[in-house]
Structure formats: structure tokens, C-alpha cells
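Chemist: With the input below, show me the fold.
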Amino acid sequence: MKYRLMDVLACPYDKTFPLTLIVLREREYPERKYEWSKKPFCEEYCALKNVNIKNHPNPQELPCEECIKKEVVDGVLYCPKCGRWYPIKEEIPILLPDELRNREEDKAFLDAIKDQLLKVSPELGGKILKEGKPINLSTQ
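Modeler: Numbering: from 1, shown residues only. Below you'll find the predicted structure:
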């Protein structure tokens, strides 16, 4: 998933923006070049630096050249308002409604990433693992 996608993603349930991004694995593509004349490329939110662009003192200094070369391979998107989490698997964010999600796959994903999630983001990771919606490791 490109970091710049975070500039347009919102929670499908309550439209909260921006979602919280937890990066577990990232891949670099050093051959990519920033080819746009406008900078910053993102309009509202820079996920690489976790800043609201309108609140940044000098948005032209945001590292778009660095950002374009990175992709989130594995991670979690989290809505701080409703507590829902969405997996990022093999560079693809999966933002499905609760009724279309595969509970077994989601639970297996959480189980596979739990140690890394707690290492990268102890507080939020713990919350997702214990209380995350629609599934967490505390639910049957």
C-alpha cells in the first residue's frame, strides 16, 4: 500500500479521517522517482510523517521523494472512533464491512502478527488484540 493512499482512506463505517496506520513491514523501491511538479502530493494528510498537511509549518519540505519509494507490505489500519481495524496484507489494504470479513482469516492474521504488533505499537496493538472490532483475540 502506498503511504499516499492514507490521504484518501477513511473508515467505511463512520468516515473518520485519517485512519491510524501501524506499519509492520515496509518495502523500498529505490528506482521510483517523484515526477510531479506539485509538492506535497497529498492534500490533507502525510502518512509517512503522520502529520496533517494544513498544520505543517512548511508542507513543501515534506519528504515526497522518500515516500514515493516506500510501500507498506504488512500492517494494520485502525479507526480511533469506532475501534475497527483493517489488515494490510501483501501491500493490499482490506477495508471490508464486518459482514463480508472472514472471521477465521482475521483471527489468524492477528495471531500471526500479535508479537510484532505489540513490539511496534504496544498500547494500540494491545487494544486491537483485546478489543478490536469486528474480531479480536478475546472473542470466540
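Chemist: Helices of the chain, start to end?
Modeler: 64-67, 103-120, 122-131 (DSSP state H).
Chemist: And the pLDDT for the residue positioned nearest the centre of the chain?
Modeler: What sits nearest the mean C-alpha location of the chain, by C-alpha atoms, centre = their mean, is Leu21, with 3.0 Å. On pLDDT, Leu21 comes in at 99.
Chemist: Go through stretch 52-71 and flag the buried ones.
Modeler: Going by neighbour count (16 or more other C-beta atoms under 10 Å), the buried part of stretch 52-71 is Pro59, Leu62, Cys64, Cys67, Ile68, Lys69, Lys70, Glu71. Placement of C-beta: from N, CA and C, glycine included.
Chemist: Tell me how far the third one lies from Asn55.
Modeler: Spelled out, it's Cys64. Distance, Cys64 to Asn55, by C-beta to C-beta, to the nearest Å: 17 Å.
Chemist: Show me where the chain dips below the pLDDT cut-off.
Modeler: Along the chain, the model assigns pLDDT under 70 to residues 140.
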